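Novice: Sharing a sequence plus its predicted fold:
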Amino acid sequence: MLHMKILALSGSGRDASTNTAMLHAVSKIAQPSHQVTVFSGVADLPVFSPDAEKEPLPQAVQAFIQMIHESDGLIVSSPEYVRAIPGGLKNAIDWLVSRDEIIGKPIALMHASHRGDDMLAQLRLVLSTVSDGFSHETFLRFGLMKLSPSDISTVMLEPANRTKVTGFLQEFASHCT
């Protein structure tokens, strides 16, 4: 199995986010084969404007872009808001659109709910537009809605779910090479 640096991007701005908790559990399961770093700061990014793309970029944007640059691949997990991509995640993606760091970057999706198919369809369209490395096939879904972050960790660490996550990461690693 290849060792990879994966950035796990949570599309939620909530402190007790289901998606963020799931991605943190994935980061624990991934060790030592892969290094998964969770980015949960979409709410900290300023609103994108092409006028703001001049150097120096806002510090939060610089840090986010550096994390994208240093990763071998990107896993995105997001809630659905009003049947669409949450504004914070779309804003984060907008900061990447005219940048080289996202072009060709391997990207896969995870999802922490049994709902959200409209958002997932939109996210697949957007991510496949910004990166030709987007994998439509590499996808993992869990039904974790309404669980606390500690309960999510417990559920994700169950042997059957660990096996699913490990298989997903292996599939993603193969996509990245």
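Specialist: Everything's here; your move.
Novice: C-alpha only now, for contacts and for neighbours.
Specialist: Fine.
Novice: pLDDT on the helix or strand residue 122 falls within, on average?
Specialist: In this assignment (DSSP states H and E), residue 122 forms part of helix 117-130. The pLDDT scores in helix 117-130 average 97.
Novice: And for stretch 70-89?
Specialist: Stretch 70-89 comes out at a mean pLDDT of 97.
Novice: repeat for stretch 20-36
Specialist: Mean pLDDT, stretch 20-36: 95.
Novice: Which parts of this structure are strands?
Specialist: 4-10, 34-39, 73-77, 107-111, 134-141 (DSSP state E).
Novice: Distance of the residue most central in space within the chain relative to residue 101?
Specialist: The chain has residue 76 as the residue nearest its centroid, 2.0 Å off, counting by CA atoms, centre = their mean. To residue 101, residue 76 is 16 Å away according to CA to CA, to the nearest Å.
Novice: Of all the residues in the longest helix belonging to the chain, which ones are buried?
Specialist: Across the chain, the helix with the greatest residue count (assigned by DSSP state H) is helix 159-176. For helix 159-176, the neighbour count (16 or more other CA atoms under 10 Å) marks 162, 165, 166, 168, 169, 170, 172, 173, 175, 176 as buried.
Novice: What is it packed up against?
Specialist: helix 18-30, strand 134-141 (3 or more CA pairs under 8 Å, 6 or more residues apart in numbering; DSSP states H and E).
Novice: now those as JSON lines including mean neighbour count and distance to residue 119?
Specialist: Output for the helices and strands packed on helix 159-176, formatted as JSON lines (neighbours: other CA atoms under 10 Å; distance: least, CA to CA, whole Å):
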{"stretch": "helix 18-30", "mean neighbour count": "24", "distance to residue 119": "14"}
{"stretch": "strand 134-141", "mean neighbour count": "16", "distance to residue 119": "14"}
